[in-house]
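>>> Build me a model from this:
(chains A and B)
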Amino acid sequence: MSDFPRSLRAYTAGLVAVVAALVAVFGSTRPAPAWAAIAVFGVLLVFSEQRQVELPGGGAMTPGLMVGVAAIVVSGETGALAGPLLVGAAGGLYLPALRSGRRGWIALNGATVALSMLAAAAVEAPLHDAIRESVPWALLAALPIALACVSAGALLVTISYWVEERRPVREGFGRLAMTFPQSVPFAVLGVFLGRLYLELGWPVAILFVVPILLARDLFASYLELKAANEATVAMLVHALEAKDRYTAGHAGRVAQYSQYIGDELGFMPWRQERLRVAALMHDIGKLVVPNHLLNKPGKLTAEEFARVRMHEEVSVRMLSSIDFLAPVAPSASGDHSRYIDDDPRHPIEPFIVAVADAYDAMTSTRSYRKALTQDVAFIELREKAGRQFHPRCVEALIAAIQRRGEVHGAGHEHEVEEFAVAPPDAGLGSAGLGDLATEHGPRGGGR
Amino acid sequence: MRIRTRVPAVLVAGLLAAVAVHAADGPQAAVHACLLAAGLVAGELLVLRLEDGTGVPLSYAPLIAIAVGFEPDAALVIVCGAQLVAWLLRVDGRSVAQRGLTFVQRLAVGAAAVGAARATWNLLDRRETLAAVLVTIGATIAAAMIVDEIARRAQRLRSATTARGLRAWSALGATGALMALGYRGVDGDGRSGLWSLALFAIPLVAAWYSFERLAAVSRTHRQTLRALSMATELAGFVSDGHGERVAVLCERIAGELGLVPSEIDDLVAAAYLHHLGVVTIDEVMPLDAALPIISGGQAGPVGPGPESVAIVATVTSAMLADIPALAAAGAIVGGQPLPSRRPGDATGEHRLTSQVLKVASDFDDLASGERSGAAFALEALYSSPGYVYDRRVLEALERVVASAD
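Numbers count the residues shown, from 1 in each chain, chains lettered A, B, ... in the order given. Okay, the predicted model is just below:
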């Protein structure tokens, strides 16, 4: 119990006492539970709880509710309310916590799950006959059962939050809105698992869990591989920054500004994710540019400039080789992301990345120019909106930054490298090539 | 029409057909047949994809219910009708002949399932007990699985008895059994009826969704690794396609050596990225100048190149070590036997995988050089000192090369 808060001890002891008392009362006043069913569902619930999938946005997904609801339906046949309590108590048995001696948490979770199940069983009792007789009623009944279970759980968790740290009530009930939608399908399946168990016995419970566990395992593998891919992209950014130390943090900031614009334009989450990865990787072609050119102080020769610009073509080629990013691969090309018209057939992502890239280039100190102020960057973006930059993207970025109250640019840079040759102040080249000698080529396009 | 449109369209069509039969006072069995056939067609369009891109269709689950729940003649009519519609709807970029083969395969699986269900049920004297029904369902699943495997081999497709294939079959078998139990019940009159098919399909569809997400992210991850390996190729440090060829070769050698999937995944990542460190080093000579050159009986690496190889491997390994998900790949790159190490130094957790990477990379460099050829490359590798290349890995490479010829 070493890491178990002292403030929760009395509360947990109280909950455990209530559960024990209820089991005793129901055991003596109501019909005896079906012990075989309790054993089957108790074991299945413990097993399910060991195989939680932690979701990236917080929280966890488990088929435990399905098993619990099935146990409620089976117990409802005889009206034995001790059954759901006992099965629920088994749900607190999280083996890693047991192995590390965290018995306090196990007791708290077990009592919370048991009482949540009891609440759901109380709702199931008047609906039991309808569940048994009619499939459509069984489907409908799953909703109030799930709601009762999740609400009771949220209430008990809220109280524990308050007892432990006086955390606000809304924090605990915030879980309700998050967990209820995902609990409904599991409750529906649980109701039918219970029906089938009553009809055919224990083998169906085992059969039922197989595809669900498979789905769970595959989903966990998917999350793991997704994290590995994130890590690979992170490594790419790391490699780029190792080559070009004066643009440290650039890819991350371009991804962040791109997402600001995506937010403003109402992008769906999957599109935001694709935009983020494309923005992180927009300079991937710099991997083939020699380090001394990327870090050269002052002006580049025409030949050097051409070599540096080659990275755009290489970036497009490399991003195009990834199916997921191919539709937005021109994000990596200065030419392709230059605004021409608002053709809805062309994805807007390249224009978004171009604006984000230019804004970050202007508000960062580079070897060829010191950072500009945010106001100057906004003026420059607006001046070139409709010619070089997509007007909607420009306005979206400015609106997003202003609403967040963020200030970037001269005087507000987080990380500024020490340059061997101090960068000049001059140069308004919007995408960062600043005062490149005019005879060497066009201005514009991030380096 | 995309799958997301085709599947609901098929189900709605089946529902409309069932309503029409019901309205025309058709028999209840015909109403059920319309809905089950629609489920079968929809299941044909959703496939649990395996490692090699082939798949096992979700339709095998309702097939079990149909085989167990209907008389053989009615079951075969449903299966044939549904497969015909599925053949027309299965527009997946394959040729007509290939789709025809799939059609025949599915018919054979359907016939085997129906036949096995009937034969087992008769053998058990049609006893209406849970055990008899479960045995019948088990025999039906086994027959479907065996015929599917035979058909795969006949079409020279990869076996579905891989780890992922067996997991797919276990989900399909369990769902099929539940559907059959729910639809048919023990006494031939399941209380959940057709609802059981719809409801028990939910976990299976969740499994299918997870399979699809996993396949998509696997593809993206591999393509991301390949894109990174292209950096060293586009910069002219190594020959075009080196990373991809080494990755494929590593995968095959690892398969020959019986490495576990997680080791193979790390090895493939290491294969794609093993020269990546070169991009952080300015003005490094092309690596083909740094190969172990073996000629005229003289074995072992010569010339200034090996130092570059060692530096690149060390830098790459350090880069990858910073990223937990790629740390094992980094250890594989860093664990390669290098000229700067004394014989016997290359030991440790990743010794074998590092050996596979070293052998595959050097083989590819040697085989794609001017004095090209797999035979030359193999001979050169065999001629090296014993501590450079592990004999088991070389023999596995030889088998891979022989099977590719």
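>>> Grab the longest helix from the chain for me.
You didn't pick a chain, so chain A it is. Longest helix of chain A, by residue count under DSSP state H: helix A:203-243.
>>> try chain B instead
For chain B, the helix that runs over the most residues, judged by DSSP H, is helix B:193-234.
>>> how big is the angle separating it from helix A:203-243?
20 degrees (axes from the mean of the first three to the mean of the last three C-alpha atoms, to 10 degrees).
>>> quick one: helix B:193-234 near chain A?
Yes. Counting by C-beta under 8 Å from any C-beta of the partner chain, contacts between helix B:193-234 and chain A involve B:193, B:195-196, B:199-200, B:202-204, B:206-207, B:209-211, B:213-214, B:216-221, B:223-228, B:230-231, B:234. For every residue, glycine as well, the C-beta is placed using N, CA and C.
>>> is chain B contacted by the longest helix of chain A?
Yes. Remark: helix A:203-243 sits within contact range of chain B at A:203-204, A:207-208, A:210-212, A:214-219, A:221-222, A:225-236, A:238-239, A:242-243, by C-beta under 8 Å from any C-beta.
>>> And the next helix or strand past that helix?
Per DSSP states H and E, helix A:203-243 leads on to helix A:250-264 as the next helix or strand towards the C-terminus.
>>> Can you name every helix or strand that that next one contacts?
Under the contact definition 3 or more C-beta pairs under 8 Å, 6 or more residues apart in numbering or on different chains; DSSP states H and E, helix A:250-264 sits against helix A:203-243, helix A:269-280, helix A:349-362, helix A:391-404.
>>> Single out the most deeply packed of the ones you listed.
Each of the helices and strands packed on helix A:250-264 was scored by mean neighbour count; the highest is helix A:349-362, a mean of 28, by mean count of other C-beta atoms under 10 Å in any protein chain shown.
>>> hey, least reliable of the helices and strands packed on helix A:250-264 by pLDDT?
Lowest mean pLDDT of the helices and strands packed on helix A:250-264: helix A:203-243, a mean of 81.
>>> Helix, strand, or coil at the closest residue to chain A within the stretch 301-405 of chain B?
Proximity to chain A, evaluated over the stretch 301-405 of chain B using C-beta to the nearest C-beta, is greatest for B:Ala325 at 3.7 Å. Going by DSSP: H, G, I helix; E, B strand; the rest coil, the secondary structure assigned to B:Ala325 is helix.
>>> What's the local residue count around residue 380?
Reading this off chain A. Here the number of neighbours of A:Glu380 (other C-beta atoms under 10 Å in any protein chain shown) works out to 21.
>>> oops, chain B please
B:Ala380 has 21 nearby residues by other C-beta under 10 Å.
>>> B:Leu166 now?
Neighbour count of B:Leu166, defined by other C-beta under 10 Å: 12.
>>> In three-state terms, label it for me.
Assigned state for B:Leu166: helix (three-state reduction, three-state DSSP).
>>> just to revisit the earlier point, give me the buried subset of the residues of helix B:193-234 next to chain A.
When the residues of helix B:193-234 next to chain A are checked for burial by 16 or more other C-beta atoms under 10 Å in any protein chain shown, the buried set is B:193, B:195-196, B:199-200, B:202-204, B:206-207, B:210-211, B:213-214, B:216-218, B:220-221, B:223-228, B:230-231, B:234.
>>> next helix or strand past the lowest-mean-pLDDT helix or strand in chain B?
In chain B, no helix or strand scores lower on mean pLDDT, DSSP states H and E than helix B:305-321, which sits at a mean of 75. Remark: after helix B:305-321, the chain's next helix or strand is helix B:327-334, criterion DSSP H and E.
>>> which parts of that next one are buried?
B:Ala328, B:Ala329, B:Gly330, B:Ala331, B:Ile332, B:Val333, B:Gly334.
>>> And B:Asp365, how far from B:Phe237?
The spacing between B:Asp365 and B:Phe237, counted by C-beta to C-beta, to the nearest Å, is 12 Å.
>>> before we move on, back to that, so who does the residue of the stretch 301-405 of chain B closest to chain A touch?
Neighbour list for B:Ala325: A:Ala227, A:Ala228, A:Glu230, A:Ala231, A:Thr232 [criterion: C-beta atoms under 8 Å, 6 or more residues apart in numbering or on different chains].
>>> Chain neighbours aside, what residue packs nearest to the first one?
Spelled out, it's A:Ala227. Counting by C-beta to C-beta, 6 or more residues apart in numbering or on different chains, A:Ala227 lies nearest to B:Ala325, which is 6.2 Å off, once chain neighbours are set aside.
>>> Run through chain B and note the low-pLDDT ranges.
Where chain B drops to pLDDT under 70, the residues are B:1, B:91-92, B:190, B:282-309, B:337-350, B:369-372, B:405.
>>> could you pull out the strands for it?
Remark: strands assigned in chain B by DSSP state E are B:47-49, B:55-57.
>>> Nearest to chain A, out of those?
strand B:47-49 (9.1 Å).
>>> Sheet partners, orientation included, of that closest one?
When pairing is defined by DSSP bridges, strand B:47-49 lines up against strand B:55-57 (antiparallel).
>>> Contacts made by the partner strand with the rest, please.
By C-beta under 8 Å, 6+ apart, the surrounding residues in contact with strand B:55-57 are B:43-50, B:106, B:148, B:160, B:165, B:168-169, B:172.
>>> Could you single out the nearest of those residues to A:Leu85?
B:Leu172 (36.1 Å; C-beta to C-beta).
>>> Pretty sure that closest one sits against B:Gly43.
No. Using C-beta atoms under 8 Å, B:Leu172 is not in contact with B:Gly43; the gap is 9.4 Å.
>>> quick one: which of these two has more around it?
Legend: neighbour count by other C-beta under 10 Å for B:Leu172 and B:Gly43, higher for B:Leu172 (28 against 25).
>>> how is the chain carved up into domains?
Assuming you mean chain A. Taking automatic domain parsing as the reference, chain A has its domains at A:6-220, A:244-440.
>>> actually chain B
Annotated domains of chain B cover B:3-213, B:235-404 [automatic domain parsing].
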